[in-house]
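Chemist: Next comes the sequence, and after it the predicted model I'd like to discuss.
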Amino acid sequence: MFEVIFLQFLNGLDKGAAYALIALGLTLVFGTLGVVNFAHGALFMLGAFCAVTVRMVLTMETVTIDPEKLSPWGTPLEVREPLMQAWLGDFGAVLVNYSVPFSILITIPIMLVVGIALERGIIKHFYKRPHAEQILVTFGLAIVAQEVIKSIFGPNPIPQPMPTDLRGAADIGAWLGMQANIITYPIWRLVYFLFAAVVIGAVFAFLQFTTFGMVVRAGMADRETVGLLGINIDRRFTIMFGLAAVVAGVAGVMYTPLLPPNYHIGMDFLVLSFVVVVVGGMGSLPGAVAAGFMLGILQSFASMNQVKAIFPGIDQIIIYLVAVVILLVRPRGLMGRRGVMEA
Amino acid sequence: MNANLMSRNDLVLLLGFSLVVLTMPIWLAPLGAGYPDLLQRFMIYGIFAVGFNILFGLTGYLSFGHAAFFGVGSYTAVWSLKLLTLDAIPAMVLAVIISGIFALIIGFLCLRRSGIYFSILTLAFAQMSYNLAYSVLTPITNGETGLQLTLSDPRVIDAAVGHSFVGQPIPTLFGTPIGGYAGFYFCAAFLIIAFFVAQRIAGSPFGMMLKAIKSNQTRMQFTGFNTRPYALSAFVISGMYAGLAGALLAVTDPLAGAERMQWTASGEVVLMTILGGVGTLVGPVIGAWIIKYFENILSALNDNILARFFDVLPDGVDSFLVKVIGKFVGDGWHLTLGLVFVIIVIFLPGGIMEGVRRIAAAFRNRGSTPRTSNQTQAAE
Amino acid sequence: MTFLKRGLTRRRVLQTGMAGIIGTGVAPMVFTRGAWAQENFCNNPTGDTVTFGLNLPLTGAYAEEGADEQRAYELAIAHLNGEGDGGLLNVLTPSALKGNGILGKKVGFVSSDSQTKSDVARAGATRMIERDGAIMITGGSSSGEAIAVQGLCQEKGIIFMAGLTHSNDTTGKDKRRYGFRHFFNAYQSGIALGPVLGEQYGSQRRAYHLTADYTWGWTQEESIKAATEALGWETVATVRTPLGSTDYSQYLTPILNSGADVLILNHYGLDMVNSLPQAVQFGLRDREANGKQFQIVTPLISELMAKGAGESVRGIFGTSNWHWNLQDAGSIAFTKSFGAAYGSPPSQAAHTAYVQALLYADAVERAGTFYPPEVIKALEGHEFDGMGNGPTLYRADDHQCMKSVLVVQGNEAPTSEFDVLNVVQEVGRDTTTYDPSIFGGELGPAEPAPLC
């Protein structure tokens, strides 16, 4: 029984890391700008499609028709040659193999630009308008983004293979000195967990230890006073929005080998990430991270047959149920500040 | 006392609205929408949007979970058709009652919070309902397949009075099948009644109270009003409207599927209301009509039809136009919807009704004081 | 304004409403009722064309199948109209098809995106029947859609030729007089797959089921469980996963130390495209349990899903309705004509769609009329051959085709991106035929044909 619990806990941490990472960007935007961003899922999706595009470019092929051979349905056979290997040799092959991690380098500037353009172009006009209107405009933007992606990439998911070295499962039990082949876990999921931990840590360190972060934190606490001190807080907040977009984007990139992305992937995560943010407390970064892990672990355990035998269907509603209970009992969430959006 | 009476304007509006609705099969025919199924949907989603507006338009509470009540209405109606009788009236009555009770419970809990928290709470409840309907509640909802009428249903009341029928069971109204245009007029009658009731609510002291909640809830509370019962009544009423609409959909087309409870379905009614104009009576209905019209007409346009349409243009130009416009119609009609929606929220928060008002105002200005408007133009 | 006036207006409103209902809506219905004859039925084609309504999932979980079905229908319609190379028209026996449309009328089509949702599928079918005058509705790639739409078609008096639908219920408890299925079902999958699993993996296995939590998943779980337990296998657990899940990790971790040595994935479409690679990532296939190599079985699998799941599918057993690599005249002809038109081999979804369109046209030709009850009579109990599945019977009791079923295995060394499945065994029609009464259900009457 121990190994079952341990595995489920590990799985909860893995899921929780993904939830926390997605919710982080959302709560960053809310905490700094006070904007409820329903387009956050769309940013996650755009990141995922950056990875798809990078791979498409890397795997371009030349097509020649070989009239000698025939396909099973009687037309001349097409022979495809990968272009990247032809140009770059072994390095090209490595690049194709590691296309997903490699895409991060390209995704970061793209998402930064997208985020800043979004904030300057549209979101900034909505600071003073009610939350309902912010939800509506960002919801509309999310629809537009996903439809644009759909018309370019089609409605079907596009699988992104993970690097060959990182496939399969690692024997964690053996590492920890337990019996072999009892506790194994997919390597890429462990990579994702580490990646999420690094990104979350980096965001915290950035806010905690840099002057920029200090100013932003001050601005979050009291925007007007910081403004009166002669600091251009708006520009910093714009950059924070860009940063949130980058976090969402890279989370999307690294998720693609686990789940082939399609245009709808953002909407699937949107509701979930909102629940995480609300449970953690609107605008609280540590809250979002804690709530992400908590919900991940709860969901993992709720999916066990032994639990489902007692509460049928609990795995399907656990996340929403926790959100409802938290909102009714403690509306500011796990770590929300008193008075922020509390009613 | 006076506020209870119907003003001349309201009366004109109601009669005009009824006229427009009842003549729809005639004036929509040239627009390609004059067939019963779509007309029924115009009516049903009109009711849904009118009801949603009672909550969102009057009190400002943005619910993202109204599809749950719509779904509950549908399931109740189909069960009534299965277990009791094929007559539509008991199905409708039961659906409204059950969805009202459901709304009372959910509303009681959700209305303890406001703003974004309220939205998330309603969303969470709706998603729970949807997920359960899709899985463990399958004995009640028949899951992904959807609940349907079968020959072997008990229908105790029909059996008791000795009604029998041949073929696939079809819902009836006093023995007449509700399909095709009969179904449309059946739904149209309900839409007009629903519109009338919404009109009375908006004009009543109760409606005033709701509007006051929207403009400043805290001030209301400070003056000694307990706003919760009012907001809860609005929530329940709008839940009953949703249930009525769901029941109508199930009665005209006896199938209840879980998809109609998903949060995107709740999102759709929000889109309808915003598009038409929040807080107005006619706006949400127009929004519903426009979205349903485009969903059915725009999505049916494919490249072949476009190519035929642009055939007169020179080669190259026509294929380019087909390619560009093809992205916005057919499968891509959601893109058009999203763009229109974003533009409306940014530039015209009052929706189409505000647009109409602005245009009307512009014309009126031009008519009465042409010089002022000339000056404005010059200044620009 | 006084109370009196208000009362009057309310009454006037009611009067106007009722007048509308009675005047324009109900009256014509009442007069026309009972006056239906052979010529007067829903969407009787009067001009020189006849319209098929294609209800296809172009978005959603089964979008890939939907797109392939659409290609197949367009091809079938071209062949029916005498265009192209004629495809399976040349090999269908017996055949009344002349290659000049149906009963001399040119075949056209309208289509609708069902989004892989029952509600939407039904609305689309209604639109095609009411607005576009479709004489027959066909397509779909999920059992939910098929059951929802065939109920509607029964109501409207329109024949429904189901596309890809595998649930026992489609021709079982939810069968309809106006609905016909060429595709096989979960029960037949169990019959076909059971012996092969016994042969490959022995009789001492312990199976763990992950099942999509809806009707199709349940019927397949039941059928496969029965088939494997008959072999002597033990069922460790059956776990339901929500339909449309994306992350299956929390359902996969408990399998690792459950004592099971076979995982049976009762998933389809995107569910399997997600769950199978994830199961492989968890190292399930590299494990040993109970001293045996751990195995995964996917009872229903298609080329498109195998393509989506990539390398994970190699060596895995499942069943299919048809495969383009079959070497009979019908399969060769269809693969050739489809491949020439679209540059890829047809999937089983495309095959069943194409065959259904042809069978309907053939039945109309044999009946000599579009009048649905006559067409239904022509289809019921019809024996035909040459469509790639051997001699086939459209059984009258439940409108299910009785034909051979393929057991397939993921190709270990694919030579092209299409060469993903190998046919292991063709299980004959005698074996896969079952007693229709085990699933219950009632077809309902064909006559009088309802007037939509």
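Modeler: That came through, no problem.
Chemist: Every contact and neighbour count from this point should use C-alpha atoms.
Modeler: OK.
Chemist: Pass me the low-pLDDT residue ranges in the chain, would you?
Modeler: I went with chain A, as the question did not name one. Within chain A, the ranges that satisfy pLDDT under 70 run A:72, A:74, A:338-343.
Chemist: The intended chain is chain B.
Modeler: B:1-5, B:164-167, B:300-304, B:367-380.
Chemist: Flag every buried residue along the helix or strand harbouring residue C:187.
Modeler: Per DSSP states H and E, residue C:187 falls inside helix C:186-201. Across helix C:186-201, burial judged by 16 or more other Cα atoms under 10 Å in any protein chain shown covers C:186-198, C:201.
Chemist: One more: stretch A:213-231?
Modeler: So stretch A:213-231, judged by 16+ other Cα under 10 Å, has buried residues A:213, A:215-220, A:223, A:226.
Chemist: quick one: which of the residues you listed is nearest chain B?
Modeler: Nearest to chain B among the buried residues of stretch A:213-231 is residue A:220, at 19.0 Å by Cα to the nearest Cα.
Chemist: by contact count, what packs against the strand or helix carrying the closest one?
Modeler: Assessed by DSSP H and E, residue A:220 sits inside helix A:211-221. In terms of contacts (3 or more Cα pairs under 8 Å, 6 or more residues apart in numbering or on different chains; DSSP states H and E), helix A:211-221 is packed against helix A:2-33, helix A:187-209, helix A:223-228, helix A:233-255.
Chemist: List the buried residues for the longest one?
Modeler: By neighbour count, and taking 16+ other Cα under 10 Å as the criterion, the buried residues in helix A:2-33 are A:4, A:7-33.
Chemist: do it and chain B meet at all?
Modeler: No: interface with chain B: helix A:2-33 contributes nothing (Cα under 8 Å from any Cα of the partner chain), its closest point being 11.7 Å away.
Chemist: Show the subsequent helix or strand relative to that helix.
Modeler: Tracing the chain C-terminally past helix A:2-33 and defining elements by DSSP H and E, one meets helix A:40-58 next.
Chemist: Report whether that following helix contacts chain B.
Modeler: No: counting by Cα under 8 Å from any Cα, chain B is not contacted by helix A:40-58; separation bottoms out at 13.1 Å.
Chemist: before we move on, what about stretch C:372-389?
Modeler: No: contact between stretch C:372-389 and chain B is absent, the nearest approach being 12.6 Å (criterion: Cα under 8 Å from any Cα).
Chemist: Now that stretch: buried residues?
Modeler: The neighbour-count check on stretch C:372-389 (16+ other Cα under 10 Å) flags C:372-382, C:384-389 as buried.
Chemist: Just the ones of those residues in helices?
Modeler: Counted as lying in helices by DSSP state H, out of the buried residues of stretch C:372-389, are C:372-379.
Chemist: okay if I get those as JSON lines plus distance to residue A:136 and pLDDT?
Modeler: Converted to JSON lines, these look like this (distance: Cα to Cα, whole Å; pLDDT from 0 to 100):
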{"residue": "C:372", "distance to residue A:136": "49", "pLDDT": "93"}
{"residue": "C:373", "distance to residue A:136": "51", "pLDDT": "93"}
{"residue": "C:374", "distance to residue A:136": "54", "pLDDT": "93"}
{"residue": "C:375", "distance to residue A:136": "52", "pLDDT": "94"}
{"residue": "C:376", "distance to residue A:136": "51", "pLDDT": "95"}
{"residue": "C:377", "distance to residue A:136": "55", "pLDDT": "94"}
{"residue": "C:378", "distance to residue A:136": "55", "pLDDT": "94"}
{"residue": "C:379", "distance to residue A:136": "53", "pLDDT": "95"}
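Chemist: Now flag whichever of the residues you listed is closest to residue B:342.
Modeler: residue C:372 (47.8 Å; Cα to Cα).
Chemist: Next one: that closest one from residue B:326, what distance?
Modeler: Plainly put, residue C:372 is 37 Å away from residue B:326 if you go by Cα to Cα, to the nearest Å.
Chemist: And residue C:422, by the same measure?
Modeler: From residue C:422 across to residue B:326, the span is 39 Å (Cα to Cα).
Chemist: Just after the strand or helix carrying residue B:246, pick out the following helix or strand.
Modeler: According to DSSP H and E, residue B:246 maps onto helix B:228-252. Next along the chain after helix B:228-252, taking DSSP H and E as the criterion, comes strand B:255-256.
Chemist: Which residue ranges of the stretch 201-350 of chain C form strands?
Modeler: C:206-212, C:234-241, C:262-266, C:288-289, C:292-293, C:295-300, C:317-320 (DSSP state E, counting those that start in this stretch).
Chemist: In the sheet, which strands lie alongside the third one, parallel or antiparallel?
Modeler: Strand pairing for strand C:262-266, determined by DSSP bridges: strand C:206-212 (parallel), strand C:295-300 (parallel).
Chemist: Show me how far the last one is from its chain's centre.
Modeler: With Cα atoms, centre = their mean, to the nearest Å as the basis, the distance from the averaged C-alpha position of strand C:295-300 to the chain average is 20 Å.
Chemist: contact partners of that strand?
Modeler: Contact with strand C:295-300 is made by C:186, C:189-190, C:193, C:220, C:224, C:261-268, C:284-285, C:316-320, as judged by Cα atoms under 8 Å, 6 or more residues apart in numbering or on different chains.
Chemist: let's see it at 6 Å
Modeler: By Cα atoms under 6 Å, 6 or more residues apart in numbering or on different chains, the list of residues contacting strand C:295-300 from outside reads C:262-265, C:285, C:316-319.
Chemist: tell me the domain ranges of chain C?
Modeler: C:49-95+C:104-184+C:324-403, C:187-320 (automatic domain parsing).
Chemist: Determine which stretch of those is the most buried.
Modeler: By mean neighbour count, with neighbours taken as mean count of other Cα atoms under 10 Å in any protein chain shown, domain C:49-95+C:104-184+C:324-403 ranks first of the domains of chain C at a mean of 23.
Chemist: hang on, the earlier thing: got JSON lines for the buried residues of stretch A:213-231, with distance to residue B:291 too?
Modeler: Listed next are the buried residues of stretch A:213-231 as JSON lines, based on distance: Cα to Cα, whole Å:
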{"residue": "A:213", "distance to residue B:291": "45"}
{"residue": "A:215", "distance to residue B:291": "45"}
{"residue": "A:216", "distance to residue B:291": "42"}
{"residue": "A:217", "distance to residue B:291": "43"}
{"residue": "A:218", "distance to residue B:291": "45"}
{"residue": "A:219", "distance to residue B:291": "42"}
{"residue": "A:220", "distance to residue B:291": "40"}
{"residue": "A:223", "distance to residue B:291": "41"}
{"residue": "A:226", "distance to residue B:291": "45"}
